[in-house]
Every structure is written in C-alpha cells, then in structure tokens.
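> quick one: sequence and predicted model below, then my questions.
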Amino acid sequence: MISEDRKVPPLLKFGGLILLALIGAAVGAATARFVDASAMPGDDALNLFVGVVLIGMGVVMGGVFALRPIDIPKGCGMLQILVLTLAGIMLIVPIYGPNWVSAEVSLAIVLGLLAIQTVANVTMFRQADEMLRRVMVETGSLAFWTLQLALFVYAASERLGLVEGITAWGMIGILMAVYMVASAVAGARRGLK
Amino acid sequence: MNNRLKVLRAERNWSQAELADRLGVSRQTVNALETGRYDPSLPLAFKIARVFEQPIESIFLED
C-alpha cells in the first residue's frame, strides 16, 4: 500500500504527544525559572508568553523537519519556522532589549526583523498552493472577526467606564494569541497537523 | 463534495506525494482532498481530471 496512507500506530502517536507535552513543560519551567512574571506588567507577561510559545513552536517544527526523511518535500515549512521564530523574537525584544541597548536600537532591531519576516510571509503566501493560501485567508478572517467583536465589546465597556484602558502593547499580545488560535483552528479544519 | 481521488490514485499505485507532484500542490492538499476536507478550485479540478484522464463529473460527486 501507499506509504502516506499508513496510519500512525496509536502508541507512536501517544508517544509523540507525550514528547511534545514534555518539551512544552521544559520550556515553561525554564521560562518560569528565569522570569518573574508576577513582577511584570500584565501586557509584558502576555507578550512574553506568546513570544516564548511562538519560538517554541518554531523550534519543535525545526526538529520535526530535521528528523523527516530527506525524500519528503519540505514545502513552505522552513519559511513557517522563520516566520514563527521571528514573530516570537519581535515580541520579546521590546521587553528585554532596553536592558542591553537603547530603546531606539531595540526598535531598529524590531524593524529589521519585521522587514525580514514580512518578506518571508509574502514569499510563503506566493509559494503556497491553493489550499494553504485558503488556510491563511481563513486564519486572517477568523482572527479579524473575533478581534473585531472583542474590540467592540471592550471599547463600549471602556467608554462606559466599566473597564480600564489597555495599552497598544497589550493589544498586540492579544492579537497574536488570537491569531495563533485562529491558525490552529483553520489548519485543523483542513486536516493540517 | 465527495470524490474518488483515493481510489483512482490507489489504482495507479501512486503515493500522495507522487500525485501532489503531478498536480503541483502539497501532499497535505492531496490528503485534504481525499478526506473531503477541501474542495478544489475549478482549475485544480480540471488538472485532476487531466492527470487521471477522466471527466470531472466521474471524479467529483455531489453529496
């Protein structure tokens, strides 16, 4: 029979899930060891969390790709790894960058990374086939509608004095978190793992 | 929409990667097509019909 049709044995699948859970636990424990999130503003903590998750996903994807047989086409995978990792770094640089360099240099680093990431994103969209493009479009739509709804409710609540204001930095953390979930949902609908 | 992609591919003993290569799409797309998770665009449907040398309506069936 054809190799791709072979079902992954449940034990192997379970083992893979355990391995991913262990990697997640290790990354979480390492982050908690070196970062005191309780002493951080909420928006910084959120962006740090999303940034670490994105970099973690990039590293796991990189590992998966490195272990794949060489005859399996890599597709847009390398670009996805680059985009994920850069997005994670861009969320962390504004938090820790000023500890080592000035705010201006930190921003310049973010802008440089953003330029590279934008090129990678556009290249990925151009290289992707029609279904992967559809997933990207659906991710954007789902994230937009979710965030629009949330923003409207929040803005109305803020205008009514029921909630406090939120920083743009906090908003980008929420946006990235929602985008990650939307991406997982859109991908899962098409059977992407 | 249902389709007979998996059967047609198996008849030719092609792997998903092989079919993907012939169609110019990713293996994930072939998998999504076969499992009914994705309906192809009209150009891709025509390409599939050409690759299998069958009319579109004999490959894709209405629910």
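Perfect, I can see it now. Numbers count the residues shown, from 1 in each chain, chains lettered A, B, ... in the order given.

> list the residues that contact A:I109.
Each residue near A:I109 by C-beta atoms under 8 Å, 6 or more residues apart in numbering or on different chains is listed here: A:93, A:97, A:101. C-beta here means a position set from N, CA and C on the backbone, and glycine is covered the same way.

> and the first one, how far from chain B?
To tie it back to what came earlier, the one meant is A:V93. Separation of A:V93 from chain B (C-beta to the nearest C-beta, to the nearest Å) stands at 32 Å.

> just to revisit the earlier point, which of the contacts of A:I109 are buried?
A:93, A:97 (16 or more other C-beta atoms under 10 Å in any protein chain shown).

> from the contacts of A:I109, which ones fall inside helices?
Using DSSP state H, A:V93 are the members of the contacts of A:I109 that sit in helices.

> what's around A:L151, how many residues?
Close neighbours of A:L151, defined as other C-beta atoms under 10 Å in any protein chain shown, add up to 14.

> list the contacts of stretch A:27-38.
Contact partners of stretch A:27-38, identified using C-beta under 8 Å, 6+ apart, comprise A:45, A:48-49, A:52, A:56.

> about what we covered before: from the contacts of A:I109, which is closest to B:A32?
A:V93 (36.3 Å; C-beta to C-beta).

> what's near enough to touch the closest one?
A:106, A:109-110, A:113.

> now those in TSV, with pLDDT and secondary structure?
Below are the contacts of A:V93 laid out as TSV (pLDDT from 0 to 100; DSSP: H, G, I helix; E, B strand; the rest coil):
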residue	pLDDT	secondary structure
A:S106	95	helix
A:I109	96	helix
A:V110	96	helix
A:L113	96	helix
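
> list the ones among the contacts of stretch A:27-38 that fall in helices.
A:45, A:48-49, A:52, A:56.
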